[in-house]
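1. Have a look; sequence and predicted model below, questions after that.
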Amino acid sequence: MKIRFGYVANALSLWDCSPAKTMTFARYKNLENHEREEALHRVTRQNLEHTLRIIHYNIAHEIHLYRFSSSLVPLATHPDASWDFVTPFRDAFREIGDLVKKHKIRTSFHPNQFTLFTSDRPSITENSVRDMAYHFDMLEAMGLEEEGLMNIHVGGAYGDKTASAERFFENIQSLPAPVFSRMTLENDDKTYTTNETLQICEKGGIPLMFDYHHHQANKNEGDDKLEDLLPRFFHTWNRVGLPPKIHLSSPKSEKEYRSHADFVDAEYILPLLKMLKEFDVDVDMMIEAKQKDFALFKLVEDVSKIRGVKRMDGGSVVW
């Protein structure tokens with residue numbers, strides 16, 4: 001079993017390299033008209049330059065998974081400020097995408113929690129479609145539209161999970177087919193359990209982005225055991241042609257169980273690793289710890305100490 005590890009957005013090892021510099025609409029609105037475009041371009045250019053630095057860093061450290069920041073382009077989906085961000089930065093996007101493809105880095109986006117398809121309010125669905133299209137446009141600008149993925153949660157239950165799940169399938173029809181084809185769904189830490197999310201994924205032909213920490217925080221009595229859910233999880237990835245992907249984090253504390261700790265506790269995830277070893281399926285794991293790349297390096301070292309595990313490079317092991 002081969003495991004590749006990745007991290008989210010910001011390489012903390014790099015000085016002043018945030019790819020998520022922002023600009024509020026209030027600040028935008030207070031600028032003179034001729035200043036607005038210049039400000040949008042300045043922030044976007046910096047975010048793309050920092051992303052390129054991070055990709056080079058990942059290559060140097062043999063990290064094969066990376067999640068782009070969703071905040072690369074300020075105000076890209078704001079109805080009163082949305083703008084053509086592709087044309088002026090086409091070369092910058094393409095440079096990032098070419099580097100990603102050349103070094104076979106698996107990339108993704110994770111639109112925010114308000115991007116959901118279970119609401120009965122058309123405006124929320126419209127905003128969600130707009131946000132998914134924004135992320136897809138970035139993938140397309142990079143030339144990654146046939147390999148990058150966009151991960152979201154199912155959404156709210158609104159007092160009736162069954163009805164909300166049905167509404168999900170109705171609302172998701174608003175997504176253009178190419179955008180839908182790059183979507184994955186993640187189990188929640190409070191609402192939709194792994195089993196419930198799997199049912200939606202299986203019905204919709206959508207890969208499950210399995211979050212182990214969320215699974216531990218949100219299980220219904222009577223649900224199938226994890227060892228019985230894993231084969232179904234693997235199966236949802238068959239059409240994608242990529243290893244199944246798992247999100248990793250560990251609780252900040254017993255009191256704040258759902259909050260992410262700075263690092264990932266290897267003992268916390270060991271039961272999952274042992275189960276995966278029994279199936280002997282290659283997987284990719286995205287680390288969602290607060291310490292980003294530092295957490296990745298520590299976890300790879302900790303996992304490498306397990307008997308029978310061999311470190312292959314900076315960001316992957318074989319067991």
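-> Great, that's in hand. This structure is a prediction, so every number in the text was calculated from the model and none was measured.
2. where exactly do the strands run in the stretch 1-150 of the chain?
-> 2-8, 65-67, 106-109, 149-153 (DSSP state E, counting those that start in this stretch).
3. and the third one, C-alpha only, in PDB?
-> Read it as strand 106-109. Extracted in PDB, the C-alpha atoms of strand 106-109 (Å, rounded to 0.1, in the frame of the first residue of the first chain):
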ATOM      1  CA  ARG A 106      -2.500  16.000  -7.700                       C
ATOM      2  CA  THR A 107      -4.300  19.200  -7.100                       C
ATOM      3  CA  SER A 108      -7.700  20.300  -5.800                       C
ATOM      4  CA  PHE A 109      -9.900  23.100  -4.500                       C
END
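4. Can you tell me what sits against that strand?
-> Under the criterion CB atoms under 8 Å, 6 or more residues apart in numbering, residues 4, 6, 64-68, 70, 100, 135, 138-139, 144, 147-151, 184, 242, 245, 284, 286 lie in contact with strand 106-109. Quick note: C-beta positions are derived from backbone N, CA and C, even for glycine.
5. export the strands of the stretch 1-150 of the chain to TSV and tack on mean neighbour count, mean pLDDT and distance to F85?
-> Conversion of the strands of the stretch 1-150 of the chain to TSV gives the following (neighbours: other CB atoms under 10 Å; pLDDT from 0 to 100; distance: least, CB to CB, whole Å):
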stretch	mean neighbour count	mean pLDDT	distance to F85
strand 2-8	22	98	22
strand 65-67	22	98	19
strand 106-109	22	98	15
strand 149-153	23	98	17
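6. okay, those strands in CSV with distance to K190 next?
-> CSV is the format used below for the strands of the stretch 1-150 of the chain (distance: least, CB to CB, whole Å):
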stretch, distance to K190
strand 2-8, 20
strand 65-67, 22
strand 106-109, 22
strand 149-153, 10
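7. Compare the ones you listed and give me the one nearest T125.
-> Among the strands of the stretch 1-150 of the chain, strand 149-153 comes nearest to T125, with 12.6 Å by CB to CB.
8. Return the distance of the residue nearest to L242 when sequence neighbours are not counted relative to M285.
-> Distances taken as CB to CB, 6 or more residues apart in numbering place R106 nearest to L242, at 6.8 Å, with adjacent residues excluded. Distance, R106 to M285, by CB to CB, to the nearest Å: 11 Å.
9. Find the residues that touch each one of the two.
-> R4, G6, L65.
10. Report the beta-bridge partner residues of the nearest residue to the last one once chain neighbours are set aside.
-> Setting aside the residues directly before and after it, L65 is nearest to G6 in space (CB to CB, 6+ apart), at 2.3 Å. Assessed by DSSP bridges, G6 has beta-bridge partners L65, M286.
11. For G6, which residues are in contact?
-> By CB under 8 Å, 6+ apart, the contact list for G6 reads I63, H64, L65, Y66, R67, R106, D284, M285, M286, I287, L296, G315.
12. So which of these is the closest to A39?
-> R67 (26.1 Å).
13. how close does the residue nearest to that closest one when sequence neighbours are not counted sit to A20?
-> Nearest in space to R67, with sequence neighbours left out and distances taken as CB to CB, 6+ apart, is V8 at 4.6 Å. V8 sits 10 Å away from A20, going by CB to CB.
14. Understood, closing this out.
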